[in-house]
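Enquirer: no sequence on this one, just coordinates:
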């Protein structure tokens with residue numbers, strides 16, 4: 001009986017789900033541990049270790065810790081200086097791979113400010129703001145749909161990162177990209193003179209609190225109670241969200257990238273130019289259509305990818321099917337760009353026609369764009385509008401999903 005109890009107690013801990021250790025132990029201790037388990041349970045492989053996770057050494061501000069440099073950070077000292085959550089935030093941001101992790105004091109300091117400011121804003125918006133001044137209901141504008149879709153996307157992406165123990169990437173998705181999504185929506189509403197939507201922001205905020213909880217639990221627990229939620233955030237279920245709408249993701253990227261390009265064009269404007277028009281195109285010229293059709297023929301819909309020889313095949317196809325020599329290089333550059341688009345949004349990236357109404361998005365956001373570019377007047381028009389007489393050097397740069405700011 002005693003031996004049976006001892007055996008049962010020993011086996012209770014097996015199989016070991018995860019062993020976390022340092023990379024320098026891979027060639028000795030960790031490898032021998034595998035051999036030992038295989039030797040003890042040679043006929044029960046289900047009791048062997050299920051997973052190892054190894055990491056590099058820790059540096060401070062990109063320097064190896066050493067007594068001579070005096071840059072050692074003790075755990076209690078670091079927590080007292082930066083707080084537990086800011087310390088955990090900086091540790092998560094330090095790195096996930098076998099490369100040496102870098103604990104940055106600047107990151108810890110920035111985390112204190114970011115966490116404090118965001119908690120104050122969320123609490124003020126959800127508990128102190130007069131609800132009658134906020135939007136409600138199911139009639140959502142473009143940016144509200146974008147924020148809800150971004151929340152759905154980032155909840156799933158953060159979950160995938162955590163399951164793979166990629167905490168730095170999880171922090172990127174679950175905090176930084178969530179901040180960008182909310183800030184873009186907030187700026188759009190402010191510049192457009194439109195109130196923010198209470199339900200959409202609440203969904204974003206409650207999701208954010210849970211997403212960051214594994215890294216900053218004290219921040220999450222405090223804010224969870226501040227916004228009136230019951231129980232503990234750490235015990236709250238993972239946010240239940242809908243599937244990402246990749247077309248909406250593409251539309252959000254369209255507005256974001258377009259605004260970035262508009263800023264560049266506006267910075268090059270000559271003194272005295274007062275007229276500005278955003279030019280959009282619904283279709284491609286023939287040589288680009290031919291290139292896209294060839295891409296479609298190479299795309300494997302089952303695997304959602306191109307063949308490994310795609311770029312090599314592209315060179316052969318271009319030299320064989322493109323008659324003008326100067327167009328060969330342009331074709332290869334265009335296809336390379338389109339391939340990156342397909343890698344990001346899927347097969348819809350090869351649509352011959354733009355799959356969404358560019359003019360509608362830009363017109364709905366025109367007040368926001370004007371404020372961001374500091375322009376008094378701005379219009380949206382088709383590049384093919386005969387009344388505009390757009391110069392060739394400008395019109396050739398306009399393509400579906402790639403509008404151009406034309407100033408004169």
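Expert: Yes, it's here. Note that the structure is predicted; figures quoted are calculated from it, not measured. Residues are numbered from 1 along each chain as shown.

Enquirer: contacting residues for residue 108?
Expert: Neighbouring residues of residue 108 by C-beta atoms under 8 Å, 6 or more residues apart in numbering: 78, 82, 86-87, 89-90. Backbone N, C-alpha and C define where each C-beta goes, glycine included.

Enquirer: would you list those residues in TSV and tack on secondary structure, distance to residue 17 and neighbour count?
Expert: Below are the contacts of residue 108 laid out as TSV (DSSP: H, G, I helix; E, B strand; the rest coil; distance: C-beta to C-beta, whole Å; neighbours: other C-beta atoms under 10 Å):
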residue	secondary structure	distance to residue 17	neighbour count
78	helix	29	19
82	helix	31	20
86	helix	29	25
87	helix	26	21
89	helix	26	25
90	helix	27	25
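
Enquirer: how about those residues, which pair is most distant?
Expert: Spanning the widest gap among the contacts of residue 108 are 78 and 89, at 11.7 Å by C-beta to C-beta.

Enquirer: before we move on, the earlier item: which one of the contacts of residue 108 is nearest to residue 281?
Expert: residue 89 (44.1 Å).

Enquirer: the closest one contacts residue 214, correct?
Expert: No. With contact defined as C-beta atoms under 8 Å, residue 89 does not reach residue 214; the gap is 11.2 Å.

Enquirer: ok, residue 236 - how many residues close by?
Expert: 16 (other C-beta atoms under 10 Å).

Enquirer: that one against residue 224, yeah?
Expert: Yes. Between residue 236 and residue 224 there is a contact at 7.2 Å, judged by C-beta under 8 Å.

Enquirer: just the strands in the stretch 251-400 of the chain please.
Expert: 276-280, 379-382 (DSSP state E, counting those that start in this stretch).

Enquirer: go through those strands and pick out the most buried.
Expert: Mean neighbours per residue, mean count of other C-beta atoms under 10 Å, is largest over the strands of the stretch 251-400 of the chain for strand 276-280, with a mean of 22.

Enquirer: who does that one pair up with?
Expert: Paired with strand 276-280 in the same sheet, following DSSP bridges, are strand 379-382 (parallel), strand 404-407 (antiparallel).

Enquirer: if you skip the residues just before and after it, what's nearest to residue 72?
Expert: The shortest distance from residue 72 to any residue other than its chain neighbours is 5.2 Å, reached at residue 65 (C-beta to C-beta, 6 or more residues apart in numbering).

Enquirer: what about the one you found? Give its phi and psi, please.
Expert: Backbone torsions for residue 65, taken as degrees, to the nearest 10, come to phi -70, psi 130.

Enquirer: check residue 307 too.
Expert: Per degrees, to the nearest 10, the backbone of residue 307 is at phi -70, psi 160.

Enquirer: for it, grab the count of nearby residues.
Expert: With other C-beta under 10 Å as criterion, residue 307 counts 12.

Enquirer: check the gap between residue 391 and residue 286 for me.
Expert: Distance of residue 391 to residue 286, given as C-beta to C-beta, to the nearest Å: 21 Å.

Enquirer: now swap in residue 233 and tell me
Expert: 57 Å.

Enquirer: comparing these two, which residue is more hemmed in?
Expert: Using other C-beta under 10 Å, the more surrounded residue of residue 233 and residue 286 is residue 233, with 20 against 8.

Enquirer: and the more buried one, what pLDDT?
Expert: According to the prediction, residue 233 has pLDDT 97.

Enquirer: now do the one 4 residues further on
Expert: Taken from the predicted model, the pLDDT recorded for residue 237 is 97.

Enquirer: helix/strand/coil for it?
Expert: Under DSSP: H, G, I helix; E, B strand; the rest coil, residue 237 falls in the coil class.

Enquirer: residue contacts, it?
Expert: By C-beta under 8 Å, 6+ apart, residue 237 has no neighbours at all.

Enquirer: do the same with residue 62
Expert: Going by C-beta under 8 Å, 6+ apart, residue 62 touches 102, 104.

Enquirer: any idea how far it lies from residue 382?
Expert: For residue 62 relative to residue 382 (C-beta to C-beta), the value is 51 Å.

Enquirer: cool, and residue 270?
Expert: From residue 270 over to residue 382 (counting by C-beta to C-beta), the distance is 24 Å.

Enquirer: got the residue ranges for the helices in the stretch 301-408 of the chain?
Expert: For the stretch 301-408 of the chain, the helices defined by DSSP state H, counting those that start in this stretch occupy 310-321, 325-345, 358-364, 366-373, 392-395.

Enquirer: where does pLDDT dip in the stretch 201-350 of the chain?
Expert: Across the stretch 201-350 of the chain, no stretch falls below the confidence threshold (pLDDT under 70).

Enquirer: how near is the nearest residue to residue 292 once chain neighbours are set aside to residue 136?
Expert: Nearest residue to residue 292, sequence neighbours excluded (C-beta to C-beta, 6+ apart): residue 350, at 5.4 Å. Between residue 350 and residue 136 the distance is 39 Å, computed by C-beta to C-beta.
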